[in-house]
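Engineer: coords please:
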Amino acid sequence: MPIRVQCPQCSKALTVPDQYAGKRGKCPGCGTAIPIPMPGGASPQAIRTASAPAPTAKQPSREATGTTKAKTRPTAAGGPGPEMFQKLWRLFLLLFIVDFVLGLAAAFFGYQVYDKAQSGQAEFPVTLLIVVLLLGFVAFAQGIIPYILLYKQWALIQDGNARTTPGKAVLLLLIPFFNIYWFFIAVYGLAQDMNTYAEERGMSIRPASANMLLWAFILSFVGCYPIGLILALIGMSHLKNAAVDIATAKQAG
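Structural biologist: Predicted coordinates for the structure are as follows:
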């Protein structure tokens, strides 16, 4: 039903379709904005208030419901920890000392057996047998640890740019004759890759000495075992120190 309205400015009577109820329109005579009343005389504000949707209950916050996701600190990059390298190195040194002492004991008892054999006494003391068995066991255990350290050290720097993998580094080093070549990849190359890994990431480490390991290999290869052994121990210690520093930096980062 049409709505009748009068312009408050020029008093002109107007007829407006009911679809404009509650809105505002301009008087065609003077241009004054005229509010169009609702049918029955209700004000537009009252109609809008009545037709507005009821406010919904406020959703409880995540903190109130206990569903807030806990904040987690980023974990450090994976890999062996520094304590593991320290423990393996101490165990290696301990077994090395025990192996050396057992070797001296075996030499002493062996000399006694030889001396008695020269005098016609064919006697094999049980003590020598026990010492030899212990010597073999300790030497075997001591020989495994460097390979474990080698595996862990390669595992520490696997970023897609390492020249070999941990398993390959160890396994190919066990192949006779081929291991002469593979030493320059698995051991000499390890020192170089560890230093490069730390340098690219701005890590302050005690650098591994690749040249020390190289001279240890050369001297041992030509028969200078005592000097080669000493240099090998120093070179292995450098590798251990570099691994400890890298593992510490990765944990801190």
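Engineer: what distance do you get for Ser204 to Leu190?
Structural biologist: 19 Å (Cβ to Cβ, to the nearest Å). The way it works is simple: take the backbone N, C-alpha and C, and place the C-beta from them, glycine included.
Engineer: between those two, which one's more packed in?
Structural biologist: Leu190 (25 against 8; other Cβ atoms under 10 Å).
Engineer: backbone dihedrals for Cys27, please?
Structural biologist: phi -70, psi 130 (degrees, to the nearest 10).
Engineer: surely it and Ser11 touch.
Structural biologist: No - Cys27 lies out of contact with Ser11 (Cβ atoms under 8 Å); the separation is 9.9 Å.
Engineer: tell me the mean pLDDT over the longest helix along the chain?
Structural biologist: Determined from DSSP state H, the single longest helix within the chain is helix 82-118. Per-residue pLDDT over helix 82-118 has a mean of 86.
Engineer: tell me the contacts of Ala169?
Structural biologist: Leu150, Tyr151, Trp154, Ile185, Ala186, Leu190 (Cβ atoms under 8 Å, 6 or more residues apart in numbering).
Engineer: er, Gly110 I mean
Structural biologist: Leu128.
Engineer: returning to what we had before: neighbour count: Cys27 and Ser11, which is higher?
Structural biologist: Legend: neighbour count by other Cβ under 10 Å for Cys27 and Ser11, higher for Cys27 (18 against 10).
Engineer: please tell me how far that one sits from Ala13.
Structural biologist: In terms of Cβ to Cβ, Cys27 sits 10 Å off from Ala13.
Engineer: intersection of neighbour lists for those two?
Structural biologist: Jointly contacting Cys27 and Ala13 under the rule Cβ under 8 Å, 6+ apart are Cys7.
Engineer: picking that back up, residues of the longest helix of the chain that come out buried?
Structural biologist: Neighbour counts over helix 82-118 (16 or more other Cβ atoms under 10 Å) mark 82, 84-85, 88-89, 92, 95-96, 98-99, 102, 105-106, 109 as buried.
Engineer: can you redo those residues as CSV with distance to Gly167?
Structural biologist: Compiled in CSV, the buried residues of helix 82-118 are given as follows (distance: Cβ to Cβ, whole Å):
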residue, distance to Gly167
Pro82, 22
Met84, 18
Phe85, 19
Leu88, 18
Trp89, 21
Phe92, 21
Leu95, 24
Phe96, 25
Val98, 29
Asp99, 27
Leu102, 32
Ala105, 37
Ala106, 35
Phe109, 40
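Engineer: brilliant, that's me finished.
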